[in-house]
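Enquirer: heads up, no residue letters with this:
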Ligand code: HEM
C-alpha cells in the first residue's frame, strides 16, 4: 500500500493493527466504498465523534428511526430519551452498589478458577472468562440458579447476532432467543412489582423519580443491553489479560511479586487489547472531520482499538507497559454514552487477574492464534496450559 494510494479496507484476518496504523497515517477518516461507513482511526478524531453527540447521533437502528413506538436501547438513543434512561439506570451503578458486589464476585471467581485448575482440558473461556460476567449479570437481574444455563444460551445467541440485529436482519434463532428471554423477564418483572427483592432488576422496577418509572418495555431493553454490553466485553478483557501473560510471561511473575500493579495492568490490557473495538454513529448534519466532509445521515465508525494505539498520544503504542501512566485510553468510550458498567468491568477484571495470579504459577494459551483473538467478540473457547501455584 503506497502513501499516495491508501487502501482504506480493513481485513480482520490480517494484522489489523498494522492496517489501523496505515489508516491513521494516510487516511484517518476514510471509507471502503462511496456509500460505506466512514472509518475514523485517529485518537483525536475518535474523541471528537464520541464527545459530539449533537453532530454524531446514536440513532442507528432503522427500526427505531422508522417506528416512533419502538423502545430504543440507551446505547442507541440520543437525548432526551438517553438522559432519562441513563438517569434512572445509573442509580444501580453507583460505586456503593458496585462495591457491594465485590465479595460475591470474588467468591464466584475463586470457585470458577478452582474448577479450571482441576479440569483435565482447561479452557479459559468456558471455565472462567464467560461464566464470570454472565454469572454477575444474571445475579444482578435476579436470574435464578436453575435458569442460568438457559440465560447463558440466550445471551450467546443474541450476542452472536448483534450486527444483524442492529441492521434489522436478526436470524430466526436470535428472534426466538429474544422472545424467550423477554417472556422470562416479563414474568420476573410482574413478580417483582408485587414483591421487591434485593437485586438490580428489582431496584429498577421500583425506582421512581420526577421522570416516572421505567416501563416494562424499557426494563426489557435494559436486560438485553446488560447482555450485549456487559458479557462479551468482560470476557474479552479476561482473555486479553491471559493473552498478555502468554506473550509476556514476565508480567505474570511481576504481578505475583507486586499485586499492587493489577489495576494498571488491567488498564493497559484494556488499551492494548480493547474489547469494544469500534462503535457506531450517524452524522446528524454535514460535519467536517479529518479533512473530509461527512454528509448528514452517513454512518461513522470510531475505531476505538485504533485510537488506543495512536502514537500521537501513546508512546510505544504497540508495547504493553504494565505501569503506563497516564493511560487515557478510550476502551470504555467517552461522552454521554461512556460505559455505565466500567467500574463493574474493572472490578471483575481485577478480581479475575488477582485470582489467576494467586492460584497459578503460570498460564499459557495452547495453539495461540492472533487472528482469532483479534476478531470481534470474544472467542467461544480457548484451551490453556496451567501450572497450579506451588504451596509451601
Ligand atoms: C471490559 C468490559 C467493557 C467494555 C470494554 C465496555 C465498553 C463500552 C463502550 C465503549 C461503551 C460506549 C459505546 C458507545 O459510545 O457507542 C459502553 C457502553 C455501555 N456499557 Fe460497557 N463495556 C464493558 C462492560 C460493561 C458492563 C460489565 C456493563 C454492565 C453490566 C456495561 C454496560 C454498558 C452500558 C449500559 C452502556 C451504554 C451506556 C449509554 O449508552 O449511556 N458495560 N461500554
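Expert: Happy to help now that I have it. This one's a predicted model, so the numbers in the text were calculated from it and none came from an experiment.
Enquirer: And the contacts of the host helix or strand of residue 217?
Expert: Residue 217 belongs to helix 216-225 when assigned by DSSP states H and E. With contact meaning Cβ atoms under 8 Å, 6 or more residues apart in numbering, helix 216-225 is reached by 71-75, 85, 89, 141, 158, 178, 181-182, 185-186, 189, 201, 204-205, 214. For the C-beta atoms, the positions are set from N, CA and C on the backbone; glycine is no exception.
Enquirer: Give me the buried subset of those.
Expert: For those, a burial check counting by 16 or more other Cβ atoms under 10 Å picks out 71-75, 85, 89, 141, 158, 178, 181-182, 185, 189, 201, 204-205, 214.
Enquirer: Helices - which of the residues you listed land there?
Expert: Under the assignment DSSP state H, those contribute 85, 89, 158, 178, 181-182, 185, 189, 201, 204-205 to helices.
Enquirer: who in the protein is up against the ligand?
Expert: 50, 74-75, 86, 137, 225-226, 229-230, 233-234, 237, 275-276, 279, 331-333, 337, 339-341, 344-345 (Cβ under 6 Å from any ligand atom).
Enquirer: Let's see which of these end up in helices.
Expert: Filtering the residues of the chain next to the ligand for helices - DSSP H - leaves 50, 86, 137, 225, 233-234, 237, 344-345.
Enquirer: Who are the contact partners of the residue nearest the centre of the chain?
Expert: Computing the C-alpha centroid of the chain and ranking residues by Cα atoms, centre = their mean puts residue 233 first, at 3.0 Å. Shown in contact with residue 233 (Cβ under 8 Å, 6+ apart): 133, 275-276, 345.
Enquirer: Next, format the residues you listed as CSV and append pLDDT and distance to residue 246.
Expert: Converted to CSV, the contacts of residue 233 look like this (pLDDT from 0 to 100; distance: Cβ to Cβ, whole Å):
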residue, pLDDT, distance to residue 246
133, 94, 21
275, 95, 17
276, 93, 22
345, 97, 21
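Enquirer: By neighbour count, which of those wins?
Expert: Within the contacts of residue 233, neighbour counts (other Cβ atoms under 10 Å) peak at residue 133, which reaches 29 neighbours.
Enquirer: Tell me what angle the helix or strand where that residue lies forms with helix 216-225.
Expert: For residue 133, the element it lies in under DSSP H and E is helix 131-140. Helix 131-140 and helix 216-225 are oriented at 160 degrees to each other (axes from the mean of the first three to the mean of the last three Cα atoms, to 10 degrees).
Enquirer: Which residue lies closest in space to the residue in the chain that the ligand sits nearest to, excluding its sequence neighbours?
Expert: The nearest approach of the chain to the ligand comes at residue 341, 2.0 Å away (Cβ to the nearest ligand atom). In space, and not counting its chain neighbours, residue 341 is closest to residue 230: 5.1 Å by Cβ to Cβ, 6 or more residues apart in numbering.
Enquirer: give me the low-pLDDT residue ranges for the stretch 101-250 of the chain?
Expert: 161-168, 209-211 (pLDDT under 70).
Enquirer: ok, which stretches of the stretch 1-150 of the chain are strands?
Expert: Taking DSSP state E, counting those that start in this stretch as the criterion, the stretch 1-150 of the chain carries its strands at 29-31, 38-40, 56-57.
Enquirer: and the shortest one, which strands flank it?
Expert: With DSSP bridges as the criterion, the sheet partners recorded for strand 56-57 are strand 281-283 (antiparallel).
Enquirer: Backbone dihedrals for residue 287, please?
Expert: phi -130, psi 140 (degrees, to the nearest 10).
Enquirer: What is the neighbour count of it?
Expert: 20.
Enquirer: before we move on, what about residue 335?
Expert: Going by other Cβ under 10 Å, the residues that sit close to residue 335 add up to 14.
Enquirer: pretty sure it contacts residue 56?
Expert: No. Counting by Cβ atoms under 8 Å, residue 335 stays clear of residue 56, with 9.2 Å between them.
Enquirer: Next, residue 341: phi, psi?
Expert: According to degrees, to the nearest 10, residue 341 has phi -90, psi 10.
Enquirer: what's it in contact with, if anything?
Expert: Contacts of residue 341 (Cβ under 8 Å, 6+ apart): 93, 226, 229-230.
Enquirer: Turn these into TSV, columns for distance to residue 370 and neighbour count.
Expert: As requested, the contacts of residue 341 are arranged in TSV below (distance: Cβ to Cβ, whole Å; neighbours: other Cβ atoms under 10 Å):
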residue	distance to residue 370	neighbour count
93	34	18
226	30	22
229	26	20
230	26	22
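Enquirer: What residues of stretch 78-98 count as buried?
Expert: 78, 81-82, 84-86, 88-89, 92-93, 97-98.
Enquirer: now it: how far from the chain's centre is it?
Expert: 17 Å (Cα atoms, centre = their mean, to the nearest Å).
Enquirer: and what of stretch 341-349?
Expert: 10 Å.
Enquirer: Any buried residues in that stretch, and which?
Expert: Quick answer for stretch 341-349 (16+ other Cβ under 10 Å): 341, 343-349.
Enquirer: what's the answer for stretch 323-342, then?
Expert: Applying 16+ other Cβ under 10 Å to stretch 323-342 flags 324, 329-334, 337, 339-341 as buried.
Enquirer: Next: stretch 184-203.
Expert: 184-185, 188-189, 192, 199-203.
Enquirer: Most widely separated two among those residues?
Expert: 184 and 203 (18.7 Å; Cβ to Cβ).
Enquirer: how about low-confidence regions in the stretch 251-392 of the chain?
Expert: Using pLDDT under 70, the stretch 251-392 of the chain drops low at 391-392.
Enquirer: where do the strands sit along it?
Expert: Under DSSP E, counting those that start in this stretch, the stretch 251-392 of the chain gives strands at 281-283, 287-289, 292-294, 299-302, 360-365, 384-388.
Enquirer: can I get the ones you listed in a markdown table with distance to residue 243?
Expert: Below are the strands of the stretch 251-392 of the chain laid out as a markdown table (distance: least, Cβ to Cβ, whole Å):
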| stretch | distance to residue 243 |
| --- | --- |
| strand 281-283 | 29 |
| strand 287-289 | 32 |
| strand 292-294 | 34 |
| strand 299-302 | 23 |
| strand 360-365 | 7 |
| strand 384-388 | 11 |
